[in-house]
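A.B. asks: Model the structure of this input:
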Amino acid sequence: MLDMDVQREALEEALATLGAVLQEQRTPYELLAVGGSGLLLLGLINRPTGDLDVIALLQRGVFEKLESLPEPLQVAADQVGEALGLDDRWLNTGPSSLMDLGLPRGLEHRLVTRQYGGLCLHLPSREDQICFKLYAAADRGSDDKHYEDLKILEPTRDELIIGARWTVTHDISEGFRQMLKECLASLGVEVSDDELG
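C.D. replies: Sure thing, here's the model as predicted:
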């Protein structure tokens, strides 16, 4: 397993290179990123990550869902990926469906912003990452990387309850609610239906 600093340095290099290309082409972008790479950039996890998930583009002060990367950004990302030997999808919009039913309330006030030349990257805070990781962990189970990431974040009971209330706005099925309760129980948190809302 690669050292966290080595992983983070490689990701920072890719983002700095992409930002330089975008600046040179005068095509700046402001993106909202989630997932493992965001946690890595914040120094919150140390597992290797192969891609950066971006889910929204900031336009006129509003985050708008990204179904796919805008063409100038995709071309620049491809150039950087080829130059640095990265996977074809090192920058992708995989989990953009998170935007469909709303982000955690107040997320925009807790963002950590990193500037890389023509690329401005907004990263959700630890509290918001807990929401995203709990959603994925409940859906995928305790053998998944998202569950491990969630444990590393060491969420408090209150943080897990806040996260759980957000997740049930994204999946209202009884099956998901049951999986969520099981996931929380495995983390030492028992919840009632009233607490979930």
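A.B. asks: what element comes up after the longest helix seen in the chain heading to the C-terminus?
C.D. replies: Secondary structure of the chain per DSSP state H: the longest helix is helix 4-25. Going down the chain from helix 4-25, the next helix or strand is strand 29-34, by DSSP states H and E.
A.B. asks: Quick one: distance of that next one to the chain centre.
C.D. replies: 10 Å (CA atoms, centre = their mean, to the nearest Å).
A.B. asks: Name the next helix or strand following it along the chain.
C.D. replies: Following strand 29-34 in sequence, per DSSP H and E, is helix 36-41.
A.B. asks: where exactly do the helices run in this structure?
C.D. replies: Using DSSP H, the helices of the chain run over residues 4-25, 36-41, 71-84, 107-110, 126-140, 145-152, 157-170, 174-186, 193-196.
A.B. asks: Specify the stretch among those that is closest to L101.
C.D. replies: Distance to L101, taken as CB to CB, is lowest for helix 157-170 among these, at 5.0 Å. For the C-beta atoms, the positions are set from N, CA and C on the backbone; glycine is no exception.
A.B. asks: Tell me the buried residues in the closest one?
C.D. replies: For helix 157-170, burial by neighbour count (16 or more other CB atoms under 10 Å) applies to 159-168.
A.B. asks: Reformat those into a markdown table and put pLDDT next to each item.
C.D. replies: What follows is those, written out as a markdown table (pLDDT from 0 to 100):
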| residue | pLDDT |
| --- | --- |
| E159 | 96 |
| L160 | 97 |
| I161 | 96 |
| I162 | 96 |
| G163 | 96 |
| A164 | 97 |
| R165 | 96 |
| W166 | 96 |
| T167 | 96 |
| V168 | 95 |
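A.B. asks: Quick one: the residues you listed as a markdown table, columns for distance to M99 too.
C.D. replies: Converted to a markdown table, the buried residues of helix 157-170 look like this (distance: CB to CB, whole Å):
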| residue | distance to M99 |
| --- | --- |
| E159 | 22 |
| L160 | 23 |
| I161 | 23 |
| I162 | 19 |
| G163 | 17 |
| A164 | 20 |
| R165 | 18 |
| W166 | 13 |
| T167 | 15 |
| V168 | 17 |
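A.B. asks: Can you tell me which of those residues is nearest G118?
C.D. replies: W166 (32.2 Å).
A.B. asks: hang on, Q74 packs against V80?
C.D. replies: No - the pair Q74 and V80 fails to qualify as a contact (CB atoms under 8 Å) at a distance of 10.9 Å.
A.B. asks: ok, G94 - contacts?
C.D. replies: Counting by CB atoms under 8 Å, 6 or more residues apart in numbering, G94 makes contact with 51, 53.
A.B. asks: Please dump the helices of the chain into JSON lines; it should also carry distance to D51 for every row.
C.D. replies: Listed next are those as JSON lines, based on distance: least, CB to CB, whole Å:
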{"stretch": "helix 4-25", "distance to D51": "10"}
{"stretch": "helix 36-41", "distance to D51": "7"}
{"stretch": "helix 71-84", "distance to D51": "10"}
{"stretch": "helix 107-110", "distance to D51": "21"}
{"stretch": "helix 126-140", "distance to D51": "15"}
{"stretch": "helix 145-152", "distance to D51": "12"}
{"stretch": "helix 157-170", "distance to D51": "22"}
{"stretch": "helix 174-186", "distance to D51": "24"}
{"stretch": "helix 193-196", "distance to D51": "31"}
